[in-house]
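*Asks:* Predicted model and sequence follow; I will ask about them next.
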Amino acid sequence: MSVDIHINKRLRANDRVFDLEIAFSSASDRIVLFGPSGAGKSLTLKAVAGLMHPDQGRIRLNQRTLFDAAQQIDIRTQERNVAYLFQDYALFPHLTVAQNIAFGLQRGCFNLRRPATHPAVKKWLATFELNAIANSYPGQISGGQRQRTALARALVPEPDILLLDEPFAALDLSLRAHMRRELSELQQRLHVPMLIITHDPADVDALGEAVFEVRDGRIYTPA
């Protein structure tokens, strides 16, 4: 995986101005953006996903241009083939585990009566050991199981990269170390490129191969 991000964005809120000026490139499959809340990490992730549009710059994944202000290229979110795992997982409470996973399919099969019979859904239920709770609802399962369900939903369309926004923040402290190991092993087994944002040094230690520190909207480079 090659990632090339050089973007600028000015945001205003009342009398406050925040300038995002992020520039980095990496060929790693495990990239971590590390820094405090409010540094611009989530904005960067949203720009890659197409949920935020920079004022200037470019975004390229595997030499494919997703955004280029100079060339007026801005690929639609649905066509970028990137998966975004939100901090709170954003599972649909009225859908079962299997239906939530099926919702991630590009053409969708969440409305099928038996989504667990779809080959792609079956694959990810087995991969994440979710078969026993396939017919359960998010409110009936543990935090770790909710994260696995959200990961399965993100991966079912076979994205080029997985974007993770503080992936362990919603978990109890006792679960975080276990889920870090599980995510690390999954990435190594499936070779799914990941771009992770976090403020937790433990996430950096467990998952970071290429690590970029973000401060005040910029990549920090020690003097």
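*Replies:* Yep, that arrived.
*Asks:* quick one: contacts for the spatially most central residue of the chain?
*Replies:* The geometric centre of the chain, computed from its C-alpha atoms, lies nearest to Leu163 (Cα atoms, centre = their mean), at 2.0 Å. Contact partners of Leu163, counting by Cβ atoms under 8 Å, 6 or more residues apart in numbering, are 45, 48-49, 82-85, 194-196. Placement of C-beta: from N, CA and C, glycine included.
*Asks:* Inside helices: which ones of those residues?
*Replies:* If you go by DSSP state H, the contacts of Leu163 have 45, 48-49 in helices.
*Asks:* pLDDT, distance to Gln63 and neighbour count for those residues - can I get that in a markdown table?
*Replies:* A markdown table is the format used below for the ones in helices among the contacts of Leu163 (pLDDT from 0 to 100; distance: Cβ to Cβ, whole Å; neighbours: other Cβ atoms under 10 Å):
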| residue | pLDDT | distance to Gln63 | neighbour count |
| --- | --- | --- | --- |
| Leu45 | 96 | 20 | 23 |
| Val48 | 98 | 15 | 21 |
| Ala49 | 96 | 19 | 19 |
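*Asks:* got the buried residues for stretch 199-217?
*Replies:* By 16 or more other Cβ atoms under 10 Å, the buried positions in stretch 199-217 come out as 199, 203-204, 206-208, 210-214, 217.
*Asks:* and the two most separated of those residues?
*Replies:* Pairwise distances across the buried residues of stretch 199-217 peak at 25.9 Å for Ala206 and Gly217 (criterion: Cβ to Cβ).
*Asks:* Low-confidence stretches in the protein?
*Replies:* Low-confidence segments of the chain, defined by pLDDT under 70, span residues 106-113, 223.
*Asks:* at 50 instead, please
*Replies:* Within the chain, no range satisfies pLDDT under 50.
*Asks:* quick one, strands of it?
*Replies:* 3-13, 16-26, 30-34, 56-61, 64-68, 73-74, 82-85, 161-165, 194-198, 210-215, 218-219 (DSSP state E).
*Asks:* just checking, which of those strands sits deepest inside the structure?
*Replies:* Sort these by mean neighbour count, taking mean count of other Cβ atoms under 10 Å, and strand 194-198 sits at the top with a mean of 25.
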